[in-house]
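K.L.:
Based on what follows, work out the 3D shape:
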Amino acid sequence: MQKTIVLIGASRGLGFAMVEEYLTRGWRVIATGRARSLDTLRQRAQTAGGALEVETVDINETEQVAALHARLSARLAGRPVDLLFVNAGVKNDDRETIADVSTEAFTRVMVTNALSPMRVVETLQDLVAPGGTIGVMSSGQGSVANNENGNFEVYRGSKAALNMFMRSYAARHRDDPRTLLLMAPGWVRTDMGGPGARLSIGESIPNLVNTIEAQAGRGGLHYLDYLGRTVPW
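P.N.:
Sure, this is the predicted structure:
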């Protein structure tokens, strides 16, 4: 039976690359983005032979996340999702430290990168099969143990917070057989990663998807990079 992924934050960059990868692998893909950023996804859906469905959601708007849950419940008609993956995220000015960042910028990054992804997980979790996977795009920069040079302070803090919230979620659902993943894609050349990043999308995303698939059915929470290596907390 064709597998289904619900991919949150898929209109560009790593998210859109994941759409392409899962379509190549024969999955049914339900991909989301904010209303003003869906053109590329909708164009791709026209050539995907029905395998790609596009939904609108701004994950920072709780009522939109709830409405998405209602639409997906009706669309799936009781058929469980194999993988829920939340990719949405933003960064601030890389040069800003905690001493420099405005309260508004700090709040925007923390809400988008830490609070809202977990709200999506909490709201959509019941759509995922008992043996399925719930994944969130984290970052190696969310590792407290690996932070030896500072830099990207606010972004690092938001991803570290995301990791902690996911650990709390896992603790509250310790008897849940589903696999929980925090994925670090590496430093990738996208609009967000910048032109000087070490990896191309083609070097990151196929390997990241391989890692996600290899973890299916293992259960528990895993913090991994795109090559399947454990990232220190």
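K.L.:
what about stretch 1-10, start to end distance?
P.N.:
One end of stretch 1-10 to the other measures 24 Å (C-alpha to C-alpha, to the nearest Å).
K.L.:
Sheet-wise, list the partners of the lengthiest strand in the chain with their directions.
P.N.:
Longest strand of the chain, by residue count under DSSP state E: strand 128-137. As defined by DSSP bridges, the strand partners of strand 128-137 come to strand 81-86 (parallel), strand 179-184 (parallel).
K.L.:
what does that strand contact?
P.N.:
9, 14, 80-89, 117-118, 121, 125, 162, 166, 177-183, 185, 212, 215-217 (C-beta atoms under 8 Å, 6 or more residues apart in numbering). Where you see a C-beta, it was placed from the backbone N, CA and C, and this is true even at glycine.
K.L.:
Drop anything exposed from those.
P.N.:
9, 14, 81-89, 117-118, 121, 125, 162, 166, 178-183, 185, 212, 215-216 (16 or more other C-beta atoms under 10 Å).
K.L.:
What ranges does the protein have for its strands?
P.N.:
Using DSSP E, strands in the chain cover 4-8, 28-33, 52-56, 81-86, 128-137, 179-184, 220-225.
K.L.:
who's in contact with the residue nearest to residue 205 when sequence neighbours are not counted?
P.N.:
Once flanking residues are discounted, residue 205 sits nearest to residue 17: 4.3 Å by C-beta to C-beta, 6 or more residues apart in numbering. For residue 17, the contacting residues are 201, 204-205, by C-beta under 8 Å, 6+ apart.
K.L.:
Closest to residue 147 out of the residues you listed?
P.N.:
The closest of the contacts of residue 17 to residue 147 turns out to be residue 204 (C-beta to C-beta; 21.1 Å).
K.L.:
Tell me how many other residues crowd that closest one.
P.N.:
For residue 204, the neighbour count with other C-beta atoms under 10 Å is 26.
K.L.:
Residue 137 versus that one, what's the distance?
P.N.:
In this structure, residue 204 and residue 137 are 11 Å apart, going by C-beta to C-beta, to the nearest Å.
K.L.:
Spell out which residues are contacts of both of the two.
P.N.:
Counting by C-beta under 8 Å, 6+ apart, the contacts common to residue 204 and residue 137 are 14, 185.
K.L.:
can you put the strands of the chain in CSV and add distance to residue 65 and mean pLDDT?
P.N.:
What follows is the strands of the chain, written out as CSV (distance: least, C-beta to C-beta, whole Å; pLDDT from 0 to 100):
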stretch, distance to residue 65, mean pLDDT
strand 4-8, 9, 98
strand 28-33, 10, 98
strand 52-56, 11, 98
strand 81-86, 11, 98
strand 128-137, 14, 97
strand 179-184, 19, 98
strand 220-225, 22, 98
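K.L.:
I'd like those as CSV, with distance to residue 107 appended.
P.N.:
What follows is the strands of the chain, written out as CSV (distance: least, C-beta to C-beta, whole Å):
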stretch, distance to residue 107
strand 4-8, 21
strand 28-33, 22
strand 52-56, 24
strand 81-86, 19
strand 128-137, 20
strand 179-184, 22
strand 220-225, 25
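K.L.:
Read off the pLDDT value for the residue of the chain positioned farthest from its centre.
P.N.:
Most distant residue from the mean C-alpha position of the chain: residue 99, 28.7 Å away (C-alpha atoms, centre = their mean). pLDDT for residue 99: 93.
K.L.:
for it, phi and psi?
P.N.:
phi -70, psi -20 (degrees, to the nearest 10).
K.L.:
and it, how far is that from residue 215?
P.N.:
Taking C-beta to C-beta, one finds residue 99 at 39 Å from residue 215.
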